[in-house]
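A.B. asks: Okay, structure incoming, though there's no sequence with it:
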């Protein structure tokens, strides 16, 4: 279940005006906003809504990641903002409390599609295909989780093969936290060094354009030097260089070292691999085996934890700690302790 923003700042006035008006009417009971005039200041930092003698204003404070709503008459409300894919999204955040949690659980129980989805996954992970030994069992779990949660796994076979190789069943029984980070680290084939320039040039360029956002590479020239140890992708203004080292392939963009990739010799070919960190997926995979021991991480959980760290200093941690599973579980424990939250079910152990 994804948390929807109240509205997209960039799309008001515009496509999200109706959603903003609906929120103001339904949640804040401001009836006069119907058919009101909506404007945004030239600097894009204030949205005003006016009708007759009534007015309100949303003001951005990007430094504090907040949007302040000021209503004529003196009332104010605060919301958080997040910049996602070039758009500013406004979210309503309620202070954590047991009554708030109970309210959200009731909302969850009323969403039949999500409830049935979770029941299906529970049966799949804890009854039908409990173990992680057979490739077919793991593959159907990976595909189902990816489909239901939209985890953007574009290579489910590679992920399933990786999980089978890790032999995770014993670790799951022991509630080993390191399993999550082990599952998360995936090596994905990128291109065959021997076939660039040539048959694998498209695979090389596709990732440069889509993954590294180097659109110019689409029409760039690709060359390899005489000793076969350097691949150059160039146009008039830009240059990407791949250097074949003793154990890695280094990538330089316009003279600056950008990243290192691993390579493997396979059947006379030199295959270059990208490393992926499927951390959110890995938490979900373990959690659906043992929800009482493995809490799920996703981007919105991260947003909430960072927001309440800024607001209330409930615990001192770095953003990077959220991607270290043992540290992440400890942060959740401190969060619950600070706000006095009860477990959502009795058997929970984090």
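C.D. replies: Done, it's in. From a predicted model like this one, the values you see are computed outputs, not experimental measurements.

A.B. asks: Can you pull the phi/psi pair for the residue nearest to the spatial centre of the chain?
C.D. replies: In the chain, the residue lying closest to the centroid (C-alpha atoms, centre = their mean) is residue 299, at 4.2 Å. Dihedral angles of residue 299 (phi, psi; degrees, to the nearest 10) stand at phi -60, psi -30.

A.B. asks: Contacts only, for the nearest residue to it once chain neighbours are set aside.
C.D. replies: Distances taken as C-beta to C-beta, 6 or more residues apart in numbering place residue 280 nearest to residue 299, at 7.2 Å, with adjacent residues excluded. Heads up, the C-betas are built off the backbone N, CA and C, glycines and all. Contact analysis of residue 280 by C-beta atoms under 8 Å, 6 or more residues apart in numbering lists 151, 296, 297, 298, 299.

A.B. asks: which element is residue 280 on?
C.D. replies: Using DSSP states H and E, residue 280 sits within helix 279-289.

A.B. asks: now for the following helix or strand past that helix, which elements pack on it?
C.D. replies: Where DSSP H and E defines the elements, the next helix or strand beyond helix 279-289 is helix 299-312. Packing partners of helix 299-312 (3 or more C-beta pairs under 8 Å, 6 or more residues apart in numbering; DSSP states H and E): strand 76-84, helix 325-339.

A.B. asks: most tightly surrounded among those?
C.D. replies: Among the helices and strands packed on helix 299-312, ranked by average contacts under mean count of other C-beta atoms under 10 Å, first place goes to helix 325-339 (a mean of 17).

A.B. asks: Quick one: distance of it to the chain centre.
C.D. replies: Here helix 325-339 is found 19 Å from its chain centre; the criterion is C-alpha atoms, centre = their mean, to the nearest Å.

A.B. asks: got the angle between that helix and helix 299-312?
C.D. replies: Angle of helix 325-339 versus helix 299-312, following axes from the mean of the first three to the mean of the last three C-alpha atoms, to 10 degrees, is 50 degrees.

A.B. asks: got the angle between helix 325-339 and helix 279-289?
C.D. replies: Per the same axes, to 10 degrees, the angle that helix 325-339 makes with helix 279-289 is 70 degrees.

A.B. asks: At which residues are the strands of the protein located?
C.D. replies: According to DSSP state E, the chain carries its strands in the segments 7-8, 37-40, 46-51, 54-61, 66-71, 76-84, 87-91, 185-192, 221-224, 230-234, 239-244, 248-253, 256-266, 269-277.

A.B. asks: Nearest to residue 126, out of those?
C.D. replies: Smallest distance to residue 126 across the strands of the chain (C-beta to C-beta): 24.2 Å, for strand 185-192.
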